[in-house]
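K.L.:
Predicted structure and sequence below. I'll ask about it afterward.
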Number of protein chains: 2
Amino acid sequence: MPNLTDCIEEYLKKLLALSSERFIEIQRRELARKFACVPSQINYVLERRFSMERGYLVESRRGGGGWIRIYRIEAGTAQPWREVINSLNGREFEPSRIRQLIRRMHEEKIISMREARLLEAVIKDRIYDSFGLSKKQARELQHELLSEALEELLKVSY
Amino acid sequence: MPNLTDCIEEYLKKLLALSSERFIEIQRRELARKFACVPSQINYVLERRFSMERGYLVESRRGGGGWIRIYRIEAGTAQPWREVINSLNGREFEPSRIRQLIRRMHEEKIISMREARLLEAVIKDRIYDSFGLSKKQARELQHELLSEALEELLKVSY
DNA sequence: TAATATCTGACCATCTCTGACCTTAATTAA
DNA sequence: TTAATTAAGGTCAGAGATGGTCAGATATTA
């Protein structure tokens, strides 16, 4: 029994699949009405299910005749992924976002299912708990290990 | 008179046997209600009767519309290696031996080249240097991470 | 009787959903 | 042209709905 968020996600992905463009355009109010929910629910779905990490890009415009566009990002080769990985270095390391990134890489066939699971294993918080590391240190170590591992993956193609 | 745990185990295994997918999806609250017990009883059953060692994999999601999925895992050729991995737990963690083990697993086609490189990356000493861990702690952490990673690899067959 | 297994309940973590209030753009009125 | 109005979309805090964990009580077994 899927929830509202799942339903809206599925609906939008169907629209995207059917669209001849590489994006779809919707109206927040319209969509909210269709699914009998508050408009901000749509923002929630976009944030959770159509994030950068999951390979989508969202644009919008307010005011009369406003709209929301959802783009599916094409991946292609491994090079863009290297850039994504490098960009990790700037921000704080957030495991949940990283997990999304890993899933996306799998969807794009940059890495296999097994490799994805392996990478996720490496950043499991539980493992780091009993070594007297601070939260921050643990995050840094996870980051280092992940970067190292991803480097190896990108060196050797399938 | 079998106990609750046995009943729930039997019920879930029947569901699995009947399912056309290779997993079943349940709701913890629902199941607890059906068996008139507290929800955490379900976790107990999953932990005791649907563990990795017994050949199952459990996934879940919280929040509204949350669920628990139980996968039946195929045994395959990996079983002997699982024993090898378990046997690591007794002794001291020696990186050079581990590297040999990894290479051997690759030769035996249990893991791919990329997976092997990935595993080796995770146990690179250099990475652990700047986190104030003692030699012993670093070894333990490497050990934990490697075990976790290998577990994941053996869960999903090629 | 001691060890092990089962079961419960209190408390925690995460994901979803809503509604009040804010910002921006187009349209209309002055 | 400018100001007011209307019609979008955005943000955020908090409520609701699940599932997770763990210590301790109870039952079973060796």
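P.N.:
Happy to help now that I have it. Residues are numbered from 1 along each chain as shown, chains lettered A, B, ... in the order given.
K.L.:
hey, let's count contacts and neighbours off CA atoms from now on
P.N.:
Will do.
K.L.:
which ones are touching the residue of chain A most remote from its centre?
P.N.:
The outermost residue of chain A, judged by C-alpha distance from the chain's mean C-alpha position using Cα atoms, centre = their mean, is residue A:132 at 31.0 Å. When contacts are counted by Cα atoms under 8 Å, 6 or more residues apart in numbering or on different chains, residue A:132 touches no other residue.
K.L.:
Then the one 5 residues further on?
P.N.:
By Cα under 8 Å, 6+ apart, the contact list for residue A:137 reads residue B:131.
K.L.:
which stretch of helix or strand covers it?
P.N.:
For residue A:137, the element it lies in under DSSP states H and E is helix A:135-155.
K.L.:
ok, that helix near DNA strand C or not?
P.N.:
No - residues of helix A:135-155 are not located near DNA strand C by Cα under 7 Å from any atom of the strand, the shortest gap being 13.1 Å.
K.L.:
Please identify the buried residues of that helix?
P.N.:
Residues of helix A:135-155 classed as buried under the neighbour-count rule (16 or more other Cα atoms under 10 Å in any protein chain shown) are A:138-154.
K.L.:
Pretty sure residue A:138 sits against residue A:130.
P.N.:
No - with contact defined as Cα atoms under 8 Å, residue A:138 does not count as touching residue A:130 (10.6 Å).
K.L.:
State the three-state secondary structure for residue A:41.
P.N.:
With DSSP: H, G, I helix; E, B strand; the rest coil as the basis, the three-state label of residue A:41 is helix.
K.L.:
What count of nearby residues applies to it?
P.N.:
17 (other Cα atoms under 10 Å in any protein chain shown).
K.L.:
check contacts around it.
P.N.:
Taking Cα under 8 Å, 6+ apart as the contact definition, residue A:41 lies against A:5, A:32.
K.L.:
what does the model give it for pLDDT?
P.N.:
Each residue has a pLDDT score; the one for residue A:41 is 98.
K.L.:
what separates it from chain B, distance-wise?
P.N.:
Applying Cα to the nearest Cα, to the nearest Å, the value for residue A:41 to chain B is 14 Å.
K.L.:
what's the burial count for the closest residue to residue A:139 other than its chain neighbours?
P.N.:
The shortest distance from residue A:139 to any residue other than its chain neighbours is 6.2 Å, reached at residue A:93 (Cα to Cα, 6 or more residues apart in numbering or on different chains). Residues lying near residue A:93 (other Cα under 10 Å) number 17.
K.L.:
what does residue A:67 give?
P.N.:
With neighbours defined by other Cα under 10 Å, the count for residue A:67 comes to 15.
K.L.:
Checking the residue nearest to residue A:139 next. Helix, strand or coil?
P.N.:
In three-state terms, and counting by three-state DSSP, residue A:93 is coil.
K.L.:
That one: what's it in contact with?
P.N.:
Applying Cα under 8 Å, 6+ apart to residue A:93 gives the contacts A:139-140, A:143.
K.L.:
again with residue A:146
P.N.:
Contacts of residue A:146 were listed using Cα under 8 Å, 6+ apart, and they are A:119, A:122-123.
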